[in-house]
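Enquirer: fold the following, please.
(chains A and B)
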Amino acid sequence: MKFAIQVNEGPYQHQASDTAFQFAKAAIENGHEIMRVFFYHDGVNNASSFTLPPQDDRHVVNNWASLDIKDADGNPELVVCVAAALRRGMLDESEATKNSIEGNNLHPAFRISGLGQLIEAGIQSDRLVVFGD
Amino acid sequence: MLHTVNKSSFERNSLQSCVNIIDDTSVILFIEDGVINAANNSKSSMIADLAAQGRVFALQGDVEARGISSKLADNIKLVDYAGFVDLVVEHGTAVSWV
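Expert: Below is the predicted model of the structure:
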């Protein structure tokens, strides 16, 4: 079955992103497809490449990256809402350049896009499951 | 339909809202702090009938993390994450009470 997941909370703040990750992992292990994970609101913080938890703690960002969720052309399907990302200082190279800001922090396993990607995920998947606080 | 509840009834009214509108074929899954609702406590009567019909589930890892495995209310069914996935597959639309 084809799943889409929406994550509304940041890592290490609330259990939502951990639950969402464990759900996604279990779905993949049981032969299902995760066609997209959409990170909305504070959920965009799951995509920061600057995340450095202590060595004995789980690495939420790398956990998401390890799921290797991509489309048929190899583009990441861990999708970060652009408006939510920019207002929280989550930038990829293109947004940083466009806004004359030095440095960028979007992990390469993720991509920035718009809310239309959430609607599309809801239409194209068999199930959309929301995780938040 | 599958209704997931992730808050304790001692914190929010989401479980009561869910129980008020749930139809005859839907099931409830407690996750995160929602598993407090699976413990035998002063609010357990809210879900007793649904549980007796086998329609109330709780995520085992979250139950164990909160130390309430030995205090569960009657007829609560425990599932792991794979069981969570199965519930979503089986029951169609998943509603998240957050």
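Enquirer: got the contact list for whichever residue of chain A sits closest to chain B?
Expert: Using Cβ to the nearest Cβ, the closest approach of chain A to chain B is made by residue A:26 at 3.7 Å. The way it works is simple: take the backbone N, C-alpha and C, and place the C-beta from them, glycine included. Residue A:26 is in contact with B:80-82, B:84-85, counting by Cβ atoms under 8 Å, 6 or more residues apart in numbering or on different chains.
Enquirer: for chain A, what lies in contact range of chain B?
Expert: A:1, A:3, A:8, A:15-16, A:19, A:22-23, A:25-27, A:29-30, A:32, A:127-133 (Cβ under 8 Å from any Cβ of the partner chain).
Enquirer: just the ones in helices from those, please.
Expert: Taking DSSP state H as the definition of helices, the residues of chain A next to chain B contribute A:16, A:19, A:22-23, A:25-27, A:29.
Enquirer: which one among these gets closest to residue B:67?
Expert: For these, the residue nearest residue B:67 by Cβ to Cβ is residue A:19; the value is 18.5 Å.
Enquirer: go ahead and build a ChimeraX selection from the buried members of the residues of chain A next to chain B.
Expert: A single ChimeraX command is used to select the members of the residues of chain A next to chain B judged buried by 16 or more other Cβ atoms under 10 Å in any protein chain shown:
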select /A:3,8,15,16,19,22,23,25,26,27,32,127,128,129,130,131,132,133
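Enquirer: so which elements touch the one helix or strand residue B:18 maps to?
Expert: Assigned by DSSP states H and E, residue B:18 falls within helix B:14-21. Counting contacts by 3 or more Cβ pairs under 8 Å, 6 or more residues apart in numbering or on different chains; DSSP states H and E, helix B:14-21 packs against strand B:2-5, strand B:27-30, helix B:45-52, strand B:94-97.
Enquirer: right, and the ones you listed - which one's nearest residue A:102?
Expert: strand B:94-97 (38.4 Å).
Enquirer: what's near enough to touch the nearest residue to the residue of chain A closest to chain B once chain neighbours are set aside?
Expert: Leaving aside its sequence neighbours, residue A:26 sits nearest to residue B:81 (Cβ to Cβ, 6 or more residues apart in numbering or on different chains; 3.7 Å). The contact partners of residue B:81, by Cβ under 8 Å, 6+ apart, come to A:22-23, A:25-26, B:59, B:61.
Enquirer: may I have the helix holding residue B:18 as CSV, with CA atoms only?
Expert: Extracted in CSV, the C-alpha atoms of helix B:14-21 (Å, rounded to 0.1, in the frame of the first residue of the first chain):
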residue,chain,number,x,y,z
SER,B,14,-9.4,15.0,22.6
LEU,B,15,-10.4,11.4,23.7
GLN,B,16,-13.9,12.6,24.9
SER,B,17,-14.3,14.5,21.5
CYS,B,18,-13.3,11.3,19.7
VAL,B,19,-15.6,9.0,21.6
ASN,B,20,-18.5,11.4,21.1
ILE,B,21,-18.3,11.2,17.3
